[in-house]
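> Quick one, what's the 3D model for this:
(one chain, ligands or ions: 2)
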Amino acid sequence: MKEDAALLPVEDARARTLALVSPLPPEWVRLEEALGRALAEDVRAQRTLPPWDNSAMDGFAVRSAELSAPLPVRLQVKETIYAGQTPRQEVQPGTCARIMTGAPLPAGADAVVMRERTRLAPGGDEDEVEILETVGPGHFVRPRGEDAREGEVLLPRGTPLGIPELGLLVGQGMLTAPVPRRPRVAILSTGDELCRADAPTEGRIVDANAPALSLAVLRAGGVPSVLGIARDTLEDVYRHLAAAGGYDLVLTSAGMSVGEHDFVREALEKLGVERDFWRVAIKPGKPLAVGRKGATVYIGLPGNPTSSLVTFELFVRPALRRMLGHPDVEPPRVSGRLDGELKKPEGLAHYVRVTATWQDGELWARPLATQTSGALRSAASATHLLHFPRSSSRLATGDKVELLPLSWGA
Ligand code: AMP
Ligand code: MG
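Ligands and ions are numbered 1, 2, ... in the order given. Presented below is the predicted three-dimensional model:
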């Protein structure tokens with residue numbers, strides 16, 4: 001059976017979800033807290049780095065014009081400059097300075113010859129060296145200001161702060177950085193069949209979604225709060241949602257389909273959440289709903305544990321990254337080849353859990369044996385989601401496929 005044409009394609013659903021969110025207001029936080037967020041303002045360099053031309057090698061600081069053939073060229077060593085020291089003399093014609101990595105280049109010198117391209121002058125002592133190669137000006141010199149020049153924009157607003165960026169800021173003497181505050185995310189499980197892990201109940205299953213989604217939120221840079229488990233009644237779902245104020249994002253799980261006990265959509269409506277869309281052309285995860293009330297975005301995730309994680313990855317994580325200021329929040333993709341056969345009817349895009357391994361210069365994706373969305377086992381040990389496009393119905397071994405690296409793994 002062909003699926004309902006009214007189902008929203010994944011890309012449209014993501015675009016519409018992202019259109020509801022923007023970077024959160026900025027705060028100045030310690031650098032280690034800023035890791036993984038993006039800059040909320042341009043950051044200008046407060047100092048020039050490196051502050052002086054310095055040597056990139058242990059070797060000899062020379063006047064490069066003197067090193068023309070015939071080699072070797074014999075030079076007098078006038079001083080030794082270690083990192084942290086200041087040169088005392090200018091390098092005059094016929095002389096050089098022994099220099100260590102990171103030490104300031106002395107006046108007169110314009111290049112460094114690495115120690116391995118020199119030897120002590122035969123018969124001479126430590127004060128004479130033979131240079132065995134010619135080098136041009138600037139050779140093995142790290143020029144002043146290569147990393148930063150005082151006053152220039154060092155990192156523009158929107159730059160995602162990874163480890164090198166934070167290192168650059170530390171080098172500027174900064175202890176804090178301006179970044180969007182972390183999104184506050186509420187998580188509500190719904191279902192009469194659920195109990196808490198710390199209160200196991202005969203005849204019920206443990207709520208797996210709230211803890212899994214909390215970890216996913218944490219890993220994505222948000223601050224999760226678990227609201228508990230709502231029973232499958234309109235009143236109880238509404239009561240839990242109405243009590244949850246001040247969140248940037250509210251995630252619900254389950255109760256999103258068209259069953260008689262599926263009250264989440266109705267509860268969201270009663271709460272005044274303006275629905276943007278419901279139902280996406282995707283498997284797993286079709287019964288997804290997204291809406292907004294005031295500054296809070298509501299995302300109703302499907303109940304099946306794997307479906308809720310897949311839709312988290314495709315829709316929620318990008319939204320959290322946008323709130324954290326990232327300019328590019330599309331899920332990353334790599335290309336690989338299918339190791340196996342896949343078949344499906346047209347109509348829904350499938351996101352198949354695969355384990356991808358590098359072999360013979362390519363990433364080979366093997367679908368996990370279990371793909372039912374009810375079984376978390378179909379997510380365990382998956383490294384990627386394989387995108388089996390909506391309009392395609394068959395993929396064979398060796399076919400080129402699009403793979404989305406998962407953020408779930410260890
Ligand atoms: P529903 O969307 O309410 O029809 O739920 C779909 C399936 O997911 C059912 O088998 C539920 O028992 C299961 N499910 C729903 N919520 C959770 C949860 N928090 N933890 C584990 N399984 C769940
Ligand atoms: Mg249910």
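> Need phi/psi at residue 195.
Backbone dihedrals for residue 195, given as degrees, to the nearest 10, come out at phi -140, psi 170.
> Contacts only, for it.
201, 204, 205, 206, 207, 229 (CB atoms under 8 Å, 6 or more residues apart in numbering). All C-beta spots, glycine's among them, are computed from the backbone N, C-alpha and C.
> since we're on the fourth one, how many residues are nearby?
If you count neighbours by other CB atoms under 10 Å, residue 206 ends up with 14.
> got it, and the first one?
With neighbours defined by other CB under 10 Å, the count for residue 201 comes to 11.
> Grab the nearest non-local neighbour of it.
residue 195 (4.0 Å; CB to CB, 6 or more residues apart in numbering).
> Then the second one?
The shortest distance from residue 204 to any non-neighbouring residue, by CB to CB, 6+ apart, is to residue 195 (4.1 Å).
> again, but for the third one
Take residue 205 and drop its neighbours on the chain: the residue closest to it by CB to CB, 6+ apart is residue 193, 5.7 Å away.
> For residue 307, what are phi and psi?
Dihedral pair for residue 307: phi -60, psi -40, per degrees, to the nearest 10.
> now the one 5 residues further on
Residue 312 adopts backbone torsions of phi -60, psi -50, taken as degrees, to the nearest 10.
> Quick one: name the residues of the stretch 51-200 of the chain near ligand 2.
Residues of the stretch 51-200 of the chain lying near ligand 2 by CB under 5 Å from the ion: residue 191.
> how does it look with 8 Å?
By CB under 8 Å from the ion, the residues of the stretch 51-200 of the chain that approach ligand 2 are 190, 191, 192, 193.
> picking that back up, out of the contacts of residue 195, which is nearest to ligand 1?
residue 207 (4.1 Å; CB to the nearest ligand atom).
> tell me the contacts of the closest one?
189, 191, 194, 195, 196, 197, 229.
> which ones are touching the second one?
Residue 191 is in contact with 207, 229, 232, 254, 255, 303, counting by CB under 8 Å, 6+ apart.
> Going by neighbour count, which of those residues comes out on top?
Counting neighbours by other CB under 10 Å, residue 254 leads those with 29 neighbours.
> The stretch 1-150 of the chain: helices as residue ranges?
Applying DSSP state H, counting those that start in this stretch to the stretch 1-150 of the chain gives helices spanning 10-19, 31-34.
> will you turn the ones you listed into CSV that also has mean pLDDT?
CSV is the format used below for those (pLDDT from 0 to 100):
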stretch, mean pLDDT
helix 10-19, 98
helix 31-34, 97
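> Point out the most buried one among these.
Most buried of the helices of the stretch 1-150 of the chain by mean neighbour count (mean count of other CB atoms under 10 Å) is helix 10-19; its value is a mean of 17.
> elements contacting it?
If contacts are counted by 3 or more CB pairs under 8 Å, 6 or more residues apart in numbering; DSSP states H and E, helix 10-19 sits against strand 274-278, strand 289-293, helix 317-323.
> Could I get the pLDDT score of the closest residue to ligand 2 within the stretch 101-250 of the chain?
Here the stretch 101-250 of the chain gets closest to ligand 2 at one residue, residue 191, 4.3 Å apart by CB to the ion. Confidence at residue 191, expressed as pLDDT, is 97.
> do residue 2 as well
We have a pLDDT of 46 for residue 2.
> And the one 4 residues further on, by the same measure?
What the model reports for residue 6 is a pLDDT of 83.
> Touching, it and residue 279? I think so.
Yes: Residue 6 is within contact range of residue 279, at 7.4 Å (criterion: CB atoms under 8 Å).
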